[in-house]
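Participant: Sharing a model that was predicted from the sequence below.
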Amino acid sequence: MKSNSGALLAAVMAVTAVASTAVAKDYTVGGSYGWDTYVDYDKWTAGKTFMVGDSITFKYEPYHNVLEVPEADYDSCTANNAVSVRSGGNTTFELAAAGTRYFICSIPRHCLNGTMHVKVTTVPYSAAAAAAAAAADAGPSPAPLPSAPADEHKATSDAGSSPAAAPSTAASAPRHHQPLVAVAGLALAALLAMAA
Ligand SMILES: [Cu+2]
């Protein structure tokens with residue numbers, strides 16, 4: 001009996017862990033372009049809602065770096081008072097609190113003459129906003145995966161129907177919900193197996 005309840009607790013915890021990782025997001029700064037001198041980071045942050053619990057990851061060539069600086073130093077690209085100096089090519093910052101944080105590259109001219117400065121505003125966690133962000137992800141993406149258009153085209157021709165919008169919405173909805181349904185099914189199966 002004791003081991004059964006332990007297993008039950010473990011199963012519940014596993015499901016909870018999956019649910020919370022599905023909510024918190026890690027954003028790669030600049031998307032597929034990463035952290036570099038030619039990316040417009042104001043454009044990248046536009047329309048995104050960063051929430052407490054999310055994280056941002058800078059991916060860059062090792063000759064760049066990432067400095068978190070005070071707001072007063074952001075526009076002037078001043079590196080002397082940095083809150084944090086990071087390097088190596090892969091740097092993650094947890095967005096643990098609401099507020100705006102400022103990041104620059106301190107290599108001469110990369111921030112001032114280039115584009116390597118980004119400010120990220122984090123808002124308190126909201127389940128509604130998280131759901132909206134997830135829904136936005138399921139919609140049109142500025143950088144679609146190379147395979148996505150081909151799949152949708154194939155599905156359209158297989159079905160033999162002409163409207164392009166309807167099949168794409170229909171195809172994306174089940175794809176988006178499938179993982180959660182699968183997780184719920186697995187959890188249910190595990191609980192039933194333990195109860196038997
Ligand atoms: Cu740089």
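Facilitator: Looks like it arrived, so ask away.
Participant: which intervals of the protein have sub-threshold pLDDT?
Facilitator: In the predicted model, the chain carries pLDDT under 70 at residues 1-22, 139-196.
Participant: Tell me which stretches of it form helices.
Facilitator: 2-23, 41-45, 71-74, 127-138, 147-159, 165-195 (DSSP state H).
Participant: What parts of the protein come near the ion?
Facilitator: 64, 105, 107, 110, 116 (C-beta under 5 Å from the ion). Just so you know, the C-beta spots here come from the backbone N, C-alpha and C atoms, and that holds for glycine as well.
Participant: And stretch 62-74, what's buried?
Facilitator: 64-69, 73-74 (16 or more other C-beta atoms under 10 Å).
Participant: oh, I was asking about stretch 51-59
Facilitator: Judged by neighbour count (16+ other C-beta under 10 Å), stretch 51-59 contains these buried residues: 51-54, 56, 58-59.
Participant: got the end-to-end distance for that stretch?
Facilitator: 20 Å (C-alpha to C-alpha, to the nearest Å).
Participant: what's it in contact with?
Facilitator: 23-30, 34-35, 50, 66, 86, 89-98, 103, 120, 122-126, 129-130 (C-beta atoms under 8 Å, 6 or more residues apart in numbering).
Participant: that older thread, tell me which entries of the buried residues of stretch 51-59 lie within strands.
Facilitator: Judged by DSSP state E, strands contain the following of the buried residues of stretch 51-59: 51, 56, 58-59.
Participant: And those, which is closest to the ion?
Facilitator: Phe58 (10.4 Å; C-beta to the ion).
Participant: That closest one pairs with what?
Facilitator: Thr91 (DSSP bridges).
Participant: And it, how close does it get to Asn80?
Facilitator: 20 Å (C-beta to C-beta, to the nearest Å).
Participant: quick revisit: show me the two of the buried residues of stretch 51-59 that sit farthest apart.
Facilitator: Comparing all pairs in these by C-beta to C-beta, the longest separation belongs to Val52 and Lys59, at 22.6 Å.
Participant: Could you verify my assumption that Arg86 touches Val66?
Facilitator: Yes. Counting by C-beta atoms under 8 Å, Arg86 does reach Val66; the two are 4.6 Å apart.
Participant: residues contacting Phe93?
Facilitator: 55-58, 68, 84, 101, 103.
Participant: And those, which is closest to the ion?
Facilitator: Looking across those and measuring by C-beta to the ion, the closest to the ion is Phe58, at 10.4 Å.
Participant: What count of nearby residues applies to Tyr102?
Facilitator: Tyr102 has 19 neighbours, counted by other C-beta atoms under 10 Å.
Participant: ok now do the residue nearest to it when sequence neighbours are not counted, which residues does it touch?
Facilitator: Using C-beta to C-beta, 6 or more residues apart in numbering and skipping the chain neighbours, the partner closest in space to Tyr102 is Tyr74 (4.1 Å). By C-beta under 8 Å, 6+ apart, the contact set of Tyr74 is 102, 104, 117, 119.
Participant: switch the cut-off to 10 Å
Facilitator: 68, 100-104, 111, 117-119 (C-beta atoms under 10 Å, 6 or more residues apart in numbering).
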